[in-house]
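>>> structure, please.
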Amino acid sequence: MQIDAVITWVDSSDEVWRNKINQYLEKKIDWNNKKDSTRYNSINEIEISITSILKFATFIKNIYVVTDNQIPNNFFELKKRAIDLGVNLELIDHKILFKGYEEYLPVFNSQTIETMLYRIPNLSEHFVYFNDDFFLIRETSPDDFFKDSYPLIRGKWKEYDENIWYKKVVNSRKRKRIFCHRYTKEDTAKLLGFGKYFNIHHTPYPLRKSTIQNFFEENPKLLESNIKHRFRHKDQFLLQSLANHLEIKNGTCTLTKKLSLFYTHKYGWSKIFKKMYKADLKKEKVLFLCLQSLETVSKRKLRFLLRWIDKKLDSNFANEI
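Take a look at the predicted model:
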C-alpha cells in the first residue's frame, strides 16, 4: 500500500497574492491590521510540516504541496533532502487541480481547494491530507492512518445542534447568518442521510481517492456547487467529512476516539506547559501537533515552542525567528 501526503499552503506575505485576493473582496484586507489578516498570516509552518513528515512518516513516498503559483521558503533544500530519503516532493498549482474548471479560479477558499485534491496527477489511492499547521512529533506507521487498507478516522459522534434544545435556542439565528466549521460538518453528514455526525478534529486526514472520485462521478452537480465559491460559504460541504461519512456508510473504515493530538490556539504559559508535558509522555503516544495562529504569539513564546519542536525534528526553526 503506497501512501502519499498532501498539504495545502498559501504564502500570504506575497504582494502579488495580496493584491489578487483584494481584487475580489468588497471589504479589503488591511495587511497591517493583525485582526484583519491573522487568518491568512503564517510563519512558514509549511517547512515544519514537510520536515516532520520526512522524519516521522518514512513510509510516505510522495509529498504534494498545493499552491497558487507560489514556492515555500527553502523548498529546494527540502526537495533535495526528500530526494536523499527517496521521497518525491512536488508543487501542485491550482491550475492543475482546476483543469476544466478554470472559471472558478482564482480561489481563496480552503474548502473549495480541498474538494479538488483527488485530481492531483498520479496521486495514490491512499493519501493523508495535512493543513499546513499540522505537524508530526513522533514516529508514525501506516497503521496510524489506515487499518486493513481502510481509513482510521479519529473523532467522535455528536448530535446535531438542532437536536440539543439549548443549542437550538441559542444558535438557530446565528446559524442562518454565518459560516461555521461545526455547521458545515453537520450539513455534510445530513447530505448523506445521517441522523448525527462524526466530528473530526485537527489531525491529519487519511483519505481514499476512489471514494471521493466515485462520489463526484455519480454527483457532478454537487462537485460544481461546492467549488463555485471563491470564499468560504455556509452552503458548502467539507470534503474530509464527506469522505469520512461515505466510508462509514460503506463500512470501509475504522473509528477511534483517540486523537493522539496536541492542539491549541491559545498560548497561555500554563496551557503550553501542560500540553507539552502530556505530549512528551511516551504512554500518551501523542503523534500529531496543531498550533493555530502562531503568528499571533509573542517572539519569546514562539521561540520557546520552536525550540521544543526543534528537539523533536533535529531542526533549527527557533534560530530563524
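>>> from now on I want contacts and neighbour counts done on CA atoms only, so please keep to that.
Noted.
>>> so what pLDDT did residue 171 get?
According to the prediction, residue 171 has pLDDT 61.
>>> check residue 31 too.
Model confidence at residue 31 (pLDDT) stands at 84.
>>> just the strands in the stretch 1-150 of the chain please.
Applying DSSP state E, counting those that start in this stretch to the stretch 1-150 of the chain gives strands spanning 3-8, 60-67, 88-93, 126-131, 134-136, 146-147, 150-158.
>>> what distance do you get for the residue nearest to residue 106 when sequence neighbours are not counted to residue 24?
Of all residues not flanking residue 106 in the chain, residue 230 sits nearest, at 7.2 Å (CA to CA, 6 or more residues apart in numbering). Residue 230 sits 9 Å away from residue 24 when distances are taken as CA to CA, to the nearest Å.
>>> so for those two, which sits in the more crowded spot?
Set side by side, residue 230 and residue 24 show more neighbours around residue 230, with 20 against 14, by other CA atoms under 10 Å.
>>> which SS class is the residue nearest to residue 106?
Assigned by DSSP: H, G, I helix; E, B strand; the rest coil, the conformation of residue 230 is coil.
>>> centroid-nearest residue for the protein?
residue 131 (2.6 Å; CA atoms, centre = their mean).
>>> surely that residue meets residue 5?
No: at 10.6 Å, residue 131 does not count as touching residue 5 under the criterion of CA atoms under 8 Å.
>>> residue contacts, residue 247?
Going by CA atoms under 8 Å, 6 or more residues apart in numbering, residue 247 touches 151, 211, 253.
>>> rounded mean pLDDT for stretch 76-88, please.
Per-residue scores along stretch 76-88 average to 97.
>>> which residues are contacting that stretch?
Residues contacting stretch 76-88 (CA under 8 Å, 6+ apart): 47, 50-51, 54, 60-63, 89-90.
>>> mind listing what's buried in that stretch?
Using 16 or more other CA atoms under 10 Å as the test for burial, stretch 76-88 gives 78-79, 81-82, 87-88.
>>> helices - which of those residues land there?
Among the buried residues of stretch 76-88, DSSP state H puts 78-79, 81-82 in helices.
>>> closest to residue 145 among the residues you listed?
residue 82 (21.1 Å; CA to CA).
>>> show me where the protein has helices.
15-23, 34-37, 45-56, 75-84, 94-97, 110-115, 165-177, 181-191, 209-218, 220-227, 239-250, 269-280, 299-313.
>>> hmm, back to that, which two from the contacts of stretch 76-88 end up farthest apart in space?
Among the contacts of stretch 76-88, 47 and 61 lie farthest apart (CA to CA), at 17.3 Å.
>>> against residue 213, how distant is residue 312?
37 Å.
>>> counting neighbours, what do you get for the closest residue to residue 302 other than its chain neighbours?
Ranked by CA to CA, 6+ apart and with sequence neighbours excluded, the top spatial neighbour of residue 302 is residue 294, at 7.3 Å. By other CA under 10 Å, the residues close to residue 294 number 23.
>>> kind regards, and thank you for your time.
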